[in-house]
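[1] Predicted model and sequence below, questions to follow.
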Amino acid sequence: MRFALPRRAAVLTAAALLFAGAAPAHADTPFGPLPPHNPYAGPDGTATMHGDTGSSDATPLPGPKAGPLASDRVALQSACPTVLVGSDGYPVALCTTIFGLTPTVHLLDPADGGSVAELPLAKGSLLGGVYAYLDHEDRLVAVDGDRHLLRIGHHRDAAGRWQLTVDSRLPLAGAVPEGDAVTGVSPDWQGRVWFATGGGVVGTADDRTGTVRALALPAGERIANSISTAPGGTAVATTHATYLLTAAPDGTPRIAWRRPYDRGPGRKPGQLSWGTGSTPTFFGPRTGTEYLTIVDNAAPTVNLLVHRVSDGAQICSVPVLKAGGSGSENSPVAVGSTVFVASTYGYPYPKLPADAGPSVPSSDRFQGGLSRVDVRADGSGCDLVWDNRVRSAAVPRLSTADGLIHTVLRNPVIPGTTATSVLDPYYYAEVDPRTGEVVRTRYTGAGFLFDTLQMVGSIAPGGVVYQGTTTGVLRITAE
């Protein structure tokens, strides 16, 4: 389904109007290095929801080339927060059906984004249909509602038709308590799969040997976001603290350091849990992983926190999202010495996790907001470079190839307001990371069908952007 670009100049920002239709590349912008490639994960930039196992939300692939853009909607009757792309170029989407909330894997045709095979999984928690990754053999690694670690491959049958199959299965029930559910998975550099549960259990699973080891974090600490892995360890952000963990020779998790943060008086509107909304992000100017960052939940203004991975020392705490709504459910985008943070404060999610609890305040409007912070070259602190009200409705993705931030904007129907409605228009957008200005937009649609729900977009080879929505996937390409 292809949509012609309507004349909606009134709802575009002035910067978007100035630059729409021409996307200048900024490949000379000095962003890098990316985290090192994990040998047990798929291609960098498309192996995990956040691009790589370090959760940089950056990619070495360029977005659509300059010129007119096309937007196609792939209707899957599902919310699709995770679209990954393997080395064979085939996108794999992990979605949750609108009716029944069943996690379902879709294999998409790289030519047009249509689903060529699907596989329903055992139903679990809301976040059980979100976090997964592609391994080095292009298999989707996820944990289903039966608490089984699955590796799901895609193959052609005898008739040449695509099919999705569970290639391996490892029970985690001995480590994951009844009633708990896995919220995040990521491989380490030894080939083990690290996992974390909503109830605060972290563990490792080696499906080559069947070995599963686990550690319960302090009572009352929950894990509502995914986890990240780097050569130096595994990062986990609970509702109270940031952790770096390593593994004993038998795989048992060990705490290298723990750093509490300000979790505020309660869950903010536009967040899914009380505490940080961040999947912790590894980054750094030398190895790509010497720093670790999250956004806290301080009130009224949240802070970007940067820690040194080697010892957990805090490099800085910088107030961010001051121009718009100061709260974020999204993982920071970080590469080299630069971090970008997008606001989700007040975002109107249609459904919250069962244990989300009330927000403080009870409601507020979605104002938007995007901040850039740079770590000083000598590591003595950090500086806020710019702060604006870009209304990002997706987790931004930075391309180190074209030097642009790629996201989706949710603009108000009535210009100049911060109200949201079921009629809001959505725009694929590119942002200049040097200035924070929107430099190109493409209308994708309006209303519930096109709500990107603060989900992540993935840039595939060939400059194709796949962006999950509440009802399927958008496919953005150059015409």
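    The structure has been received and is ready for your questions. Numbers count the residues shown, from 1 in each chain.
[2] leaving aside the residues next to it on the chain, what's closest to residue 473?
    Counting by C-beta to C-beta, 6 or more residues apart in numbering, residue 74 is the residue found nearest to residue 473 once chain neighbours are left out, at 4.4 Å. From N, CA and C alone the C-beta is placed, and that goes for glycine too.
[3] tell me the pLDDT at that neighbour?
    pLDDT, residue 74: 97.
[4] how far is the helix or strand hosting it from where the chain is centred?
    Assigned by DSSP states H and E, residue 74 falls within strand 69-75. Strand 69-75 sits 21 Å away from the centroid of its parent chain (C-alpha atoms, centre = their mean, to the nearest Å).
[5] ok, back up a step: count residues in the vicinity of the residue nearest to residue 473, would you?
    Using other C-beta atoms under 10 Å, residue 74 is surrounded by 24 other residues.
[6] ok, for residue 238, nearest residue in space, not its chain neighbours?
    Nearest non-adjacent residue to residue 238, counting by C-beta to C-beta, 6+ apart: residue 221, 4.0 Å away.
[7] can you tell me how far that neighbour sits from residue 101?
    Look at residue 221 and residue 101: by C-beta to C-beta, to the nearest Å, they are 26 Å apart.
[8] Repeat that for residue 65.
    Residue 65 sits at a distance of 38 Å from residue 101 (criterion: C-beta to C-beta).
[9] show me where pLDDT drops low in the protein?
    Low-confidence regions of the chain, defined by pLDDT under 70, span residues 1-30, 125-129.
[10] where along it do the helices fall?
    Ranges of helices within the chain are 14-19, based on DSSP state H.
[11] re the thing from before, run through the residues that contact the residue nearest to residue 238.
    Applying C-beta atoms under 8 Å, 6 or more residues apart in numbering to residue 221 gives the contacts 200, 238-241.
[12] Mind checking which of those residues are buried?
    Buried members of those, counted by 16 or more other C-beta atoms under 10 Å: 200, 238-241.
[13] Would you mind giving these as CSV with distance to residue 290 added?
    Shown next, in CSV, are those (distance: C-beta to C-beta, whole Å):
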residue, distance to residue 290
200, 27
238, 22
239, 26
240, 24
241, 20
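[14] Tell me the one of these nearest residue 58?
    For the buried ones among the contacts of residue 221, the closest approach to residue 58 (C-beta to C-beta) belongs to residue 238, at 24.7 Å.
[15] The closest one is in contact with residue 200, isn't it?
    Yes: counting by C-beta atoms under 8 Å, residue 200 is a contact partner of residue 238 at 6.3 Å.
[16] Identify the contacts common to these two.
    Residues touching both residue 238 and residue 200 by C-beta under 8 Å, 6+ apart: 217, 221-223.
[17] what separates residue 431 from residue 458, distance-wise?
    Counting by C-beta to C-beta - residue 431 and residue 458 are separated by 17 Å.
[18] typo on my end, it should be residue 124
    23 Å.
[19] which of the two has more neighbours?
    Regarding residue 124 and residue 458, a neighbour count based on other C-beta under 10 Å identifies residue 458 as having more, with 27 against 22.
[20] Just the ones of the contacts of residue 221 in strands?
    If you go by DSSP state E, those have residue 241 in strands.
[21] Out of the contacts of residue 221, which comes closest to residue 368?
    Nearest to residue 368 among the contacts of residue 221, with distances taken as C-beta to C-beta, is residue 239, at 25.0 Å.
[22] Find the nearest non-adjacent residue to that closest one, please.
    In space, residue 239 is closest to residue 275, 3.2 Å off (C-beta to C-beta, 6+ apart).
[23] Look at residue 443 and say how many residues are nearby.
    Residues within reach of residue 443, counting by other C-beta under 10 Å, total 23.
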